[in-house]
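Colleague: no letters, just coordinates:
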Ligand code: GDP
Ligand code: MN
């Protein structure tokens with residue numbers, strides 16, 4: 001038997017291309033982009049791509065947020081790239097600036113020390129503020145909060161497939177609350193204290209850990225440079241499944257059989273696969289074990305997110321954020337919003353409420369994800385979709401979808417990810 005992970009992974013909402021229903025009722029949703037005036041070129045690039053691949057048919061509004069007022073030039077320019085409504089939100093200093101009670105000398109000592117230790121962006125004060133804002137405040141902004149859903153977009157992102165259905169409506173139908181398309185490992189030295197604080201919060205509050213935790217923890221210790229990054233959502237998901245299986249299920253079996261780790265390495269792929277098949281009925285995580293475990297650094301890459309705003313506007317998340325804020329980790333370390341969202345999601349949702357947008361080809365900076373149905377993608381991404389195997393090649397030429405393609409994930413993808 002092959003890997004039976006169909007039950008662990010939700011299915012795509014649509015196979016191949018459909019005809020966009022331009023008249024169907026829309027969800028209460030918007031694109032949300034935090035940006036600086038200076039990033040206008042990259043903002044346009046993201047807008048063009050998302051409008052071309054999705055929003056020309058669905059016309060969801062764009063919300064731009066900034067702690068500085070947007071210039072007239074910025075506002076007029078972005079309006080030219082969409083037929084939809086555009087809204088501009090100002091971020092109040094209380095939501096952007098660190099607490100005035102923090103000792104300034106100590107604050108800069110921490111920030112500069114991160115620069116000395118060459119922690120990526122660690123010495124950029126603005127980066128710390130941005131991460132803190134995305135961790136604890138964006139969903140409180142009136143322009144975001146008044147809606148049920150947001151789709152997070154950043155300057156300089158690219159979409160490679162046509163999306164011919166409405167992801168908000170489809171998520172609503174299926175009771176999904178958080179959607180992602182890339183999973184990667186966090187850089188260890190940006191969050192050495194995050195999991196300890198997270199664990200303390202969970203224990204103090206007596207939060208019942210959902211099964212999603214198994215996506216995020218394992219027994220291995222991470223040292224700098226040792227863990228590789230995943231550049232692809234599919235492989236990322238597979239790897240995480242492997243982690244769940246090898247670290248939680250298989251280790252338990254090994255313990256029972258009093259076998260060593262070397263024994264595991266000698267197992268044939270067939271036996272491993274059989275073990276994997278049984279993972280679906282693993283028991284929930286046990287807190288005693290959890291206390292000894294470490295975060296495996298794996299997280300949803302949060303520059304792409306389609307999620308409910310009330311997920312974060314919830315008591316559990318709000319108190320989680322406050323707990324983290326109090327610990328000082330947003331400046332003492334360089335905690336990113338991505339692992340924090342991921343751990344929050346793990347606390348709040350069950351696996352079934354999370355959706356993997358495997359059909360949304362996407363790239364930001366050097367990382368991205370693409371389904372397997374694009375010719376150029378074949379060369380770069382050998383990993384096959386675990387459910388569907390090799391997809392049909394998409395045909396990418398016209399602006400409006402023509403006849404639906406029955407098989408395959410993603411619609412007319414073309415991913416020059418190299
Ligand atoms: P990276 O993707 O982790 O390299 O981080 P980015 O520099 O792209 O920042 C993430 C998001 O926050 C992007 O949407 C940026 O436009 C935005 N951003 C970062 N710093 C600032 C800032 O100081 N002010 C504003 N308004 N936006 C920022
Ligand atoms: Mn970015």
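Modeller: That came through, no problem. Predicted model, so just to flag it, every value in this text is computed and none were measured. Numbering: from 1, shown residues only. Ligands and ions are numbered 1, 2, ... in the order given.

Colleague: for the stretch 51-200 of the chain, which segments count as helices?
Modeller: 56-58, 72-79, 93-96, 104-116, 125-136, 142-145, 167-173, 194-205 (DSSP state H, counting those that start in this stretch).

Colleague: buried residues in the longest one?
Modeller: I take that to be helix 104-116. Buried positions in helix 104-116, judged by neighbour count with 16 or more other CB atoms under 10 Å: 107, 110-111, 114. Heads up, the C-betas are built off the backbone N, CA and C, glycines and all.

Colleague: show me the contacts for the closest residue in space to residue 78 that isn't next to it in sequence.
Modeller: Nearest non-adjacent residue to residue 78, counting by CB to CB, 6 or more residues apart in numbering: residue 86, 5.8 Å away. Residue 86 makes contact with 61-64, 75, 78-79, according to CB atoms under 8 Å, 6 or more residues apart in numbering.

Colleague: bridged to residue 86, which residues?
Modeller: residue 62 (DSSP bridges).

Colleague: and it, how far is that from ligand 1?
Modeller: 16 Å (CB to the nearest ligand atom, to the nearest Å).

Colleague: most widely separated two among the contacts of residue 86?
Modeller: 61 and 75 (14.0 Å; CB to CB).

Colleague: who has more neighbours, the two?
Modeller: Legend: neighbour count by other CB atoms under 10 Å for residue 61 and residue 75, higher for residue 61 (17 against 14).

Colleague: pretty sure the more buried one sits against residue 31.
Modeller: Yes. Between residue 61 and residue 31 there is a contact at 7.3 Å, judged by CB atoms under 8 Å.

Colleague: go through the helices of the stretch 51-200 of the chain and name the closest to residue 11.
Modeller: Of the helices of the stretch 51-200 of the chain, nearest to residue 11 by CB to CB is helix 167-173, at 10.9 Å.

Colleague: ok, for residue 58, nearest residue in space, not its chain neighbours?
Modeller: residue 166 (5.9 Å).

Colleague: my bad, residue 317
Modeller: residue 344 is the one closest to residue 317 (CB to CB, 6+ apart), at 5.0 Å.

Colleague: and if you look at residue 29?
Modeller: residue 149 (3.6 Å).

Colleague: specify the beta-bridge partners of that neighbour.
Modeller: Beta-bridge partners of residue 149, as defined by DSSP bridges: residue 29, residue 308.

Colleague: what's the burial count for it?
Modeller: 24.

Colleague: ok, residue 329 next?
Modeller: Other residues near residue 329 come to 24 when the count uses other CB under 10 Å.

Colleague: now do the same for the nearest residue to it once chain neighbours are set aside: helix, strand or coil?
Modeller: Leaving aside its sequence neighbours, residue 329 sits nearest to residue 335 (CB to CB, 6+ apart; 4.8 Å). Recorded secondary structure, residue 335: coil (DSSP: H, G, I helix; E, B strand; the rest coil).

Colleague: doesn't residue 131 make contact with residue 335?
Modeller: Yes. With contacts counted by CB under 8 Å, residue 335 reaches residue 131, the gap being 6.2 Å.

Colleague: which bits of the stretch 1-150 of the chain sit near ligand 1?
Modeller: 34-36, 39, 66-67, 126, 130 (CB under 6 Å from any ligand atom).

Colleague: the same query, at a cut-off of 5 Å, please.
Modeller: 34-36, 66, 126, 130 (CB under 5 Å from any ligand atom).

Colleague: look up how far residue 146 lies from the nearest residue to residue 102 once chain neighbours are set aside.
Modeller: Of all residues not flanking residue 102 in the chain, residue 331 sits nearest, at 7.1 Å (CB to CB, 6+ apart). Distance, residue 331 to residue 146, using CB to CB, to the nearest Å: 31 Å.

Colleague: who's more crowded, these two?
Modeller: Shown here are residue 331 and residue 146; by other CB under 10 Å, residue 331 has more neighbours (22 against 11).

Colleague: so what pLDDT did that one get?
Modeller: Reading off the confidence values, residue 331 has pLDDT 96.

Colleague: what's the answer for the one 4 residues further on, then?
Modeller: With respect to pLDDT, residue 335 has a value of 97.

Colleague: mind listing what it touches?
Modeller: 131-132, 135, 190-191, 194, 324, 329.

Colleague: looking at the residues you listed, which is nearest residue 305?
Modeller: residue 135 (12.5 Å).

Colleague: count of neighbours near that closest one?
Modeller: Other residues close to residue 135 by other CB under 10 Å number 26.

Colleague: ok, it - contacts?
Modeller: 321, 324, 330, 335, 337, 340-341.

Colleague: which of the residues you listed are close to ligand 1?
Modeller: Counting by CB under 5 Å from any ligand atom, no member of the contacts of residue 135 reaches ligand 1.

Colleague: and the closest residue in space to residue 84 that isn't next to it in sequence, how far from ligand 1?
Modeller: In space, and not counting its chain neighbours, residue 84 is closest to residue 59: 4.6 Å by CB to CB, 6+ apart. In this view, residue 59 and ligand 1 are 22 Å apart by CB to the nearest ligand atom.

Colleague: and residue 306, that's in a strand?
Modeller: Yes. Judged by three-state DSSP, residue 306 forms part of a strand.

Colleague: and the residue nearest to it when sequence neighbours are not counted, what are its bridge partners?
Modeller: Sequence neighbours aside, residue 179 is the residue nearest to residue 306 in space, at 4.0 Å (criterion: CB to CB, 6+ apart). With DSSP bridges applied, residue 179 shows beta-bridge pairing to residue 306, residue 355.
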